[in-house]
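Enquirer: What follows is a predicted protein model with its sequence.
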Amino acid sequence: MKWALCRILFWCLFSLFTNAVFLIYRRILLIFWGKLIIPLKMWKTKASLAQLLLLGCLLRIYFQSAPLIPLEPQTTLPKMGVKSPADRLVVFLAEGLSAKTFFSQNLCRMPQLYEIFRSQGLKGIAHSSVPTFTQPGNVALIAGFHPAPPLTATYDTIFNRTLDSADGMFLKFMGDNPETDSSFIDLQDYLSDDTNQSRIRNASRVLILVRMGDIGGASPLTYIYLDKLFRALAGIVESYEVMESVFRDKRTAYLMTSAHGLTNLGSHGAATPYETEVPFLLWGAGINANQTLQRLEQIQMAPLMTALIGLPPPVNNLGKLPLGYLNLSQEEEGKAMHLNALQLLLQARVLVKRHTRSYFHKWLPKAGDLDLLRISHYQYQINRLTKRRWQAKAVETSVVATRLALRTVKSYVGYYHIPLAVAIAVALLGWELYLVLRLSQDSRASKEHRRGFLTWNTIVLSALGLLLAELAFIQGLPLLTILCLVVPFGFWCLAQSELPLKGHYIWDVWTHLNWIVIPAGLIVVTLCCSYSLSLTYAFAVGFYNRLGCVRPSLKVLAWWMLVVLLGVFLCFLPKMEFLMDTKYRMILQAISMLLVVLRPFISHENHQKQVWMVNGGMLIMGAVGICFRETGKAVPIYMMAANWTYLFYAFASIPYSGNTCLRSRLQLICFNLLTVHVLLSDSYTSLFAQILILEYQQGIEVHLETRQQVKEEEEKEEPMLTSREYLELCYRFAMSILLYFYVSMMGTGHWLQSFTYLANTDRLFMPHCCPIMLGFLVFVHMLIPLIIILASLRAMSTFGRHEISSIFICVMLICNAVVLFFVSSVRHLVDWPNVHPSVVKVTMVQLTAVLLMACDCCGIFLFRGFNL
């Protein structure tokens, strides 16, 4: 009885506790949902989410790497009766070393290594894939495939193959200080210990990775870069001599290469030859010496390194073993090629089996050149040729098998590529229709009622989308692929809900088409040929202020001089690489710092005394820090702390400055943010940004003044804008924003041919390169000119201030048209397993509207206290 009462009491208390927890959970959920629903109702948030969703789908059709299937590795060369070409392999891995820079002037930049590899090695160029960053390059080298970002799954590498082999040994020397090349010192200290020497001698095979310090971080034209390169090469020579003195059996092979290249601006990330072509040097045991410059894909380095120490390639490798590089007989090289073929055929076999097990495979077309029967027949064919000692025919058969296996893997990896491309194109069209409908509604004085989501059209579209998702799920498609196939239904439901209940759907159709297609075509031409940007810029701004030519004045003349200066600089920008030389960089940097202070002084801007003191003091401190860095001295830690403090102070102090005038607040924004920009800049980049901002603000003033003069001469009031005039004005502002966006990006070294980590951005903020913090600083450096330009638009243009949402809709319409062109015209799998280079351009164009809206939000924060 007592036990029953206790149980009842326990359940009552438990019920009360559960209800209390549920009520608290519900209250917290409602609070968070209430806070979440507010930004979701904002048009910028919805537009940004839609653009990012489309970007995710775009990346899906570009990055179609083979699935990371857990497979069984192949056997080793010694088990096949082939002695390993080398017992030890030392890999010297750099970052930011371009083949064009390295092999210029016939290797005169590397006299330390010339005599070594001339007699016992070979040189060549390895072609990497975009994006040319460190992590994708490292994965390509050690695993043999190009990863899809972000790579979070585990994968097999040459390190795993070494450790999993009998008595295999792997050593890694990373180096804690990239400035002192401590990885070489760590290696030499390790080899000085007799115990470590015995461990290496007793191992069957040894792989040693030596990560050299980041050779990048500066332009290849500067003394800083060349000094890093020479010190790295000297460290390689010293390590080589130590290895050869400790291990005198001549069984050590050496490889030097880089994860990615570097442009002469010091940037990387895009698809220029300076970034995608990296050097490699192979010498030592097992290397077939050859002075001819070789060429291969970066992913081919993985099977080459494993074959060098007698191991099979990593199980997910997509690289083909290059022939003629190893000092082996035809029979031995054929067996190494046979291992590579077996590893690739195993991947093809798994993909073929997976496809044949799918639910609808009987009604779907066959992909690839191989089936399970032909794959199984390969081993029998090799055995027959080997038994008859037809070694040349066996090697040829293995080469053909690798080619067919890669073609089959490519076919099944891109099996749903066409449906994905069609789905994304249809989704872009649906999003374009929605934006055009929104813009048409904004252009009308009378707002019409929309149909909403509860219509037969949206219900049918939703049902079809769910049906397609269920069929794709039954077929066994990846979830991301299913999402990309279903996305068009969501966008078309959104467009259907925006249709008016009656009347015309879209007003002024030809106005929309002209103002979308022509600017989009200009952007495509500019992305393919950067020289056209200068002509487009000069013509567009000249046409915008054409009335100023009729009514010339000193201000108009000064503005035209700025336009000509910027246009000429843009035209010859690809030939301006000499400005990255140290003697020019310092002069241009000093001029940029002086201009930051002189511009507001000459313009008689009324800033508080503390603003002049803080900004002037930071510029002086920055100049001292740059002198320290250029002379090889370390920037003091207190200077770096002061720079970080000022970076946040420059933004945070503006909204609370107490300015009551829009123009005064804009002047403070320019002064503070350009001071930050010059601290993050190098060479001409800040000078270009300052001149561009000055030209933009002067251009708006000239336009407003000339329009006012025309209005006074004609003595009549400005009429109300018609629907067509409103649309044309929105598109003009949108085209103007995009034009200055691309000009700013190109002039400051961030975009068009290379979207990047720019050299020396962090030199006053961090003692050593940190990818995360460097990315943040580059992002700030990239967006500051755009923040100022959009803030100028809000402060100086009444139409731009009030109709900013319609202007951004026009921006998205133009950018999406550019993306639609690339989706429909580019053969995305033509370079597989490499990624098509146009992915950089498409990604940046798709992000344009998101970046601009983020800059505008920052501008609204800086204009806190004003009703914008």
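Expert: Thanks, I have the structure now.
Enquirer: ok, then the element right after the host helix or strand of residue 496?
Expert: Assigned by DSSP states H and E, residue 496 belongs to helix 479-497. Note on helix 479-497: by DSSP H and E, the next helix or strand toward the C-terminus is helix 509-528.
Enquirer: So for the helix or strand following that next one, what gets flagged as buried?
Expert: Downstream of helix 509-528, the next assigned helix or strand under DSSP H and E is helix 531-544. Buried residues in helix 531-544, counted by 16 or more other C-beta atoms under 10 Å: 533, 534, 536, 537, 538, 540, 541, 542, 544. Every residue, glycine included, has its C-beta placed from N, CA and C.
Enquirer: ok now helix 531-544, how far from the chain's centre?
Expert: 28 Å (C-alpha atoms, centre = their mean, to the nearest Å).
Enquirer: got the contact list for it?
Expert: Here helix 531-544 makes contact (C-beta atoms under 8 Å, 6 or more residues apart in numbering) with 522, 525-526, 549, 563-564, 566-568, 570-571, 574, 695, 699, 703, 732, 735-736, 739, 742-743, 746, 752.
Enquirer: Now that helix: average pLDDT?
Expert: Mean pLDDT, helix 531-544: 85.
Enquirer: Extract the C-alpha set from that helix and format it as PDB.
Expert: Extracted C-alpha coordinates of helix 531-544, given in PDB (Å, rounded to 0.1, in the frame of the first residue of the first chain):
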ATOM      1  CA  TYR A 531      40.300  45.300 -70.500                       C
ATOM      2  CA  SER A 532      36.700  46.000 -71.400                       C
ATOM      3  CA  LEU A 533      36.000  47.200 -67.800                       C
ATOM      4  CA  SER A 534      37.900  50.500 -68.400                       C
ATOM      5  CA  LEU A 535      35.900  51.300 -71.500                       C
ATOM      6  CA  THR A 536      32.600  50.400 -69.900                       C
ATOM      7  CA  TYR A 537      33.500  52.500 -66.900                       C
ATOM      8  CA  ALA A 538      34.500  55.600 -68.900                       C
ATOM      9  CA  PHE A 539      31.400  55.400 -71.200                       C
ATOM     10  CA  ALA A 540      28.900  54.800 -68.400                       C
ATOM     11  CA  VAL A 541      30.000  57.600 -66.100                       C
ATOM     12  CA  GLY A 542      30.400  59.900 -69.000                       C
ATOM     13  CA  PHE A 543      26.900  59.200 -70.200                       C
ATOM     14  CA  TYR A 544      25.500  59.600 -66.700                       C
END
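Enquirer: Could you identify the helix or strand that succeeds it?
Expert: Downstream of helix 531-544, the next assigned helix or strand under DSSP H and E is helix 546-550.
Enquirer: okay, that following helix in PDB with CA atoms only?
Expert: Only the C-alpha atoms of helix 546-550 are listed here, as PDB (Å, rounded to 0.1, in the frame of the first residue of the first chain):
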ATOM      1  CA  ARG A 546      26.600  64.100 -70.100                       C
ATOM      2  CA  LEU A 547      24.900  67.300 -69.100                       C
ATOM      3  CA  GLY A 548      28.100  68.500 -67.400                       C
ATOM      4  CA  CYS A 549      29.900  68.600 -70.700                       C
ATOM      5  CA  VAL A 550      27.400  71.200 -71.900                       C
END
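Enquirer: Does anything pack onto that helix? Which helices or strands?
Expert: If contacts are counted by 3 or more C-beta pairs under 8 Å, 6 or more residues apart in numbering; DSSP states H and E, helix 546-550 sits against helix 554-571, helix 685-714.
Enquirer: and of the ones you listed, who's closest to residue 101?
Expert: Of all these, helix 685-714 sits nearest to residue 101, with 20.7 Å by C-beta to C-beta.
Enquirer: and the angle from the closest one to helix 531-544?
Expert: Calculated by axes from the mean of the first three to the mean of the last three C-alpha atoms, to 10 degrees, helix 685-714 forms an angle of 30 degrees with helix 531-544.
Enquirer: re the thing from before, ok, and for the helix holding residue 496, which residues are buried?
Expert: Counting neighbours by 16+ other C-beta under 10 Å, helix 479-497 gives 481-497 as buried.
Enquirer: Select only the buried ones of the contacts of helix 531-544 in ChimeraX?
Expert: To isolate the buried members of these in ChimeraX, using 16+ other C-beta under 10 Å:
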select :522,526,563,566,567,570,571,695,699,703,732,735,736,739,742,743,746,752
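Enquirer: mind listing what the nearest residue to residue 833 once chain neighbours are set aside touches?
Expert: Distances taken as C-beta to C-beta, 6 or more residues apart in numbering place residue 318 nearest to residue 833, at 4.6 Å, with adjacent residues excluded. Residue 318 makes contact with 65, 66, 144, 145, 146, 299, 344, 347, 406, 409, 833, according to C-beta under 8 Å, 6+ apart.
Enquirer: got these as JSON lines, with distance to residue 90 columns?
Expert: Formatted as JSON lines, those follow (distance: C-beta to C-beta, whole Å):
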{"residue": "65", "distance to residue 90": "29"}
{"residue": "66", "distance to residue 90": "29"}
{"residue": "144", "distance to residue 90": "20"}
{"residue": "145", "distance to residue 90": "24"}
{"residue": "146", "distance to residue 90": "25"}
{"residue": "299", "distance to residue 90": "21"}
{"residue": "344", "distance to residue 90": "27"}
{"residue": "347", "distance to residue 90": "30"}
{"residue": "406", "distance to residue 90": "30"}
{"residue": "409", "distance to residue 90": "32"}
{"residue": "833", "distance to residue 90": "27"}
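Enquirer: Quickly name whichever of the residues you listed is closest to residue 170.
Expert: Among the contacts of residue 318, residue 144 lies closest to residue 170 (C-beta to C-beta), at 16.8 Å.
Enquirer: Just give me the neighbour total for the closest one.
Expert: Other residues near residue 144 come to 33 when the count uses other C-beta atoms under 10 Å.
Enquirer: Over to residue 656?
Expert: Using other C-beta under 10 Å, the number of residues around residue 656 comes to 9.
Enquirer: Please determine how far it is located from residue 649.
Expert: Distance, residue 656 to residue 649, using C-beta to C-beta, to the nearest Å: 11 Å.
Enquirer: Could you double-check that residue 677 lies in contact with residue 692?
Expert: No - Residue 677 sits out of contact with residue 692 when judged by C-beta atoms under 8 Å, with a separation of 11.4 Å.
Enquirer: can you give me the strands in the stretch 251-400 of the chain?
Expert: Counting by DSSP state E, counting those that start in this stretch, the stretch 251-400 of the chain has strands at residues 252-258, 277-284, 290-297.
Enquirer: quick one: which of those is nearest residue 593?
Expert: In terms of C-beta to C-beta, the element of these nearest to residue 593 is strand 252-258, at 33.7 Å.
Enquirer: now for that closest one, which elements pack on it?
Expert: Against strand 252-258 (3+ C-beta pairs under 8 Å, 6+ apart) you get strand 88-94, helix 223-246, strand 277-284, helix 301-308.
Enquirer: how much distance is there from the third one to the middle of the chain?
Expert: Counting by C-alpha atoms, centre = their mean, strand 277-284 is centred 26 Å from the centre of its parent chain.
Enquirer: ok and that strand relative to strand 290-297, angle-wise?
Expert: 130 degrees.
Enquirer: in its sheet, what does strand 277-284 sit against?
Expert: When pairing is defined by DSSP bridges, strand 277-284 lines up against strand 121-127 (antiparallel), strand 252-258 (antiparallel).
Enquirer: so of these, which one's packed in deepest?
Expert: Of all the strands paired with strand 277-284, strand 252-258 carries the top mean neighbour count, a mean of 25, counting by mean count of other C-beta atoms under 10 Å.
Enquirer: Give me the contacts around that strand.
Expert: Residues outside strand 252-258 that contact it (C-beta under 8 Å, 6+ apart): 85-98, 113, 121, 126, 137, 141, 215, 236, 240, 243-244, 278-287, 301, 305, 308-309.
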